[in-house]
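# Fold the following for me, if possible:
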Amino acid sequence: QVQLVESGGGLVQPGGSLTLSCAVSGLTFSTYAMGWFRQAPGKEREFVAAKSWSTGSIYYSDSVKGRFTISRDSSKNTVYLRMNSLKPEDTAVYYCAARFRAASTSVAAYDMWGRGTQVTVSS
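Model prediction:
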């Protein structure tokens, strides 16, 4: 049974930093690509970052490029999203997702999802 569990969300001031974690179980971690997506109230879920450690491909949305970093700790089966220079427009529920092998920027391409963690950027 595959499980993806996000944590690390919270309230942060503009310009601050936060690191989200996604604990992964039930799949062969090294053969799956992991993605981070977010959904703000009243908006569609959108791509944030994705990486495939088996193919080496990595993608970031233009809105977070240079500010966010996706990484993993294989020993802990955990994927991270380090978020710096946060802006109010980064406020959303953040989801991690998994798909076999190749990373993708498409929501529809991922078939395994966590339940999300809320990030609020506000003064």
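# When you work out contacts or count neighbours from here on, use the C-alpha atoms and nothing else.
Will do.
# mind listing what Cys96 touches?
Contact analysis of Cys96 by Cα atoms under 8 Å, 6 or more residues apart in numbering lists 4-6, 22, 34-37, 113-114, 116.
# excluding its backbone neighbours, what's nearest the residue most central in space within the chain?
In the chain, the centroid-proximal residue (Cα atoms, centre = their mean) is Trp36; its distance is 2.3 Å. Distance criterion Cα to Cα, 6 or more residues apart in numbering; nearest residue to Trp36, sequence neighbours excluded, is Cys96 at 4.5 Å.
# Now rank the contacts of Cys96 by neighbours and give me the top one.
Among the contacts of Cys96, the one with the most neighbours (other Cα atoms under 10 Å) is Met34, at 32 neighbours.
# Which helix or strand contains that residue?
Per DSSP states H and E, Met34 falls inside strand 32-39.
# helix or strand right after that strand?
Next helix or strand after strand 32-39 toward the C-terminus (DSSP H and E): strand 46-52.
# the strands in this structure, which residues?
Using DSSP state E, the strands of the chain run over residues 3-7, 10-12, 18-25, 32-39, 46-52, 58-60, 68-73, 78-83, 92-100, 112-113, 117-121.
# related to what we said a few turns ago, the residue nearest to the centre of the chain reaches Ala50, doesn't it?
Yes: the pair Trp36 / Ala50 is scored as a contact, 6.1 Å apart, by Cα atoms under 8 Å.
# Against Trp36, how distant is the closest residue to Ser122 other than its chain neighbours?
Excluding the flanking residues, the one nearest Ser122 by Cα to Cα, 6+ apart is Gln13, at 5.0 Å. To Trp36, Gln13 is 21 Å away according to Cα to Cα, to the nearest Å.
# is it true that Ser104 touches Val48?
No: using Cα under 8 Å, Ser104 is not in contact with Val48, being 10.6 Å away.
# Find residues that contact each of the two.
Gly35.
# Give me the below-cutoff pLDDT ranges for the protein.
Within the chain, not a single segment meets pLDDT under 70.
# got a list of what Gly114 touches?
Shown in contact with Gly114 (Cα under 8 Å, 6+ apart): 3-6, 95-97.
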